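Asks: A structural model of the following input is requested.
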Amino acid sequence: SKKWDVTLISALLLYQPGYFKGDQNIVDALETIRQFRNDYSHINKDTTHSMAKALFKTSWAEVVSSLTSIMSTFPEGDPQVAQLRGRIDAVYTENAEKAD
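Replies: Numbers count the residues shown, from 1 in each chain. Next comes the predicted model:
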């Protein structure tokens, strides 16, 4: 598959082999992302429920903060950072319109 599940990626990064075991900021960031994924992954599956805009914005801000912490481990000037920031902005734009 071209897409990896957040739970699988966080398990690989945190536990086996655990690339970020010793960096508590990154551990916290990965756990935050994993928890948001678990909490909100099925919210739009049921068409009678959607996320309120205010909740989406505050949740998104926490996820972006976590992603920024993770990206801070990339080498300075890494072109992947700009690509990831562009993708983060695109995901926000796409999903902000879906929130109530």
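
Asks: packing partners for the worst-scoring helix or strand of the chain on mean pLDDT?
Replies: Lowest by mean pLDDT, DSSP states H and E among the helices and strands of the chain is helix 6-14, with a mean of 77. Judged by 3 or more C-beta pairs under 8 Å, 6 or more residues apart in numbering; DSSP states H and E, helix 6-14 is in contact with helix 24-40. C-beta coordinates here come from the backbone N, C-alpha and C atoms, glycine included.

Asks: buried stuff in stretch 12-25?
Replies: Judged by neighbour count (16 or more other C-beta atoms under 10 Å), stretch 12-25 contains these buried residues: 13-14, 20.

Asks: kindly report the same for stretch 29-41.
Replies: By neighbour count, with 16+ other C-beta under 10 Å as the criterion, the buried positions of stretch 29-41 are 29-30, 32-34, 36.

Asks: now render the buried residues of stretch 12-25 as JSON lines, adding distance to residue 74.
Replies: What follows is the buried residues of stretch 12-25, written out as JSON lines (distance: C-beta to C-beta, whole Å):
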{"residue": "13", "distance to residue 74": "14"}
{"residue": "14", "distance to residue 74": "18"}
{"residue": "20", "distance to residue 74": "13"}
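
Asks: name the nearest of these relative to residue 60.
Replies: residue 13 (21.3 Å; C-beta to C-beta).

Asks: in the chain, which spans are helices?
Replies: Secondary structure of the chain (DSSP state H): helices at 6-14, 24-40, 53-71, 79-96.

Asks: could you tell me the least trusted of the ones you listed?
Replies: Least confidently modelled of those is helix 6-14, at a mean of 77 by mean pLDDT.

Asks: can I get the CA coordinates of it in PDB?
Replies: Output of helix 6-14 as PDB, limited to C-alpha atoms (Å, rounded to 0.1, in the frame of the first residue of the first chain):
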ATOM      1  CA  VAL A   6      -0.700   6.500  11.700                       C
ATOM      2  CA  THR A   7      -0.800   3.900  14.400                       C
ATOM      3  CA  LEU A   8       1.700   1.700  12.500                       C
ATOM      4  CA  ILE A   9       4.000   4.500  11.800                       C
ATOM      5  CA  SER A  10       3.900   5.800  15.400                       C
ATOM      6  CA  ALA A  11       4.600   2.200  16.700                       C
ATOM      7  CA  LEU A  12       7.600   1.900  14.400                       C
ATOM      8  CA  LEU A  13       9.000   5.300  15.400                       C
ATOM      9  CA  LEU A  14       8.300   4.900  19.100                       C
END
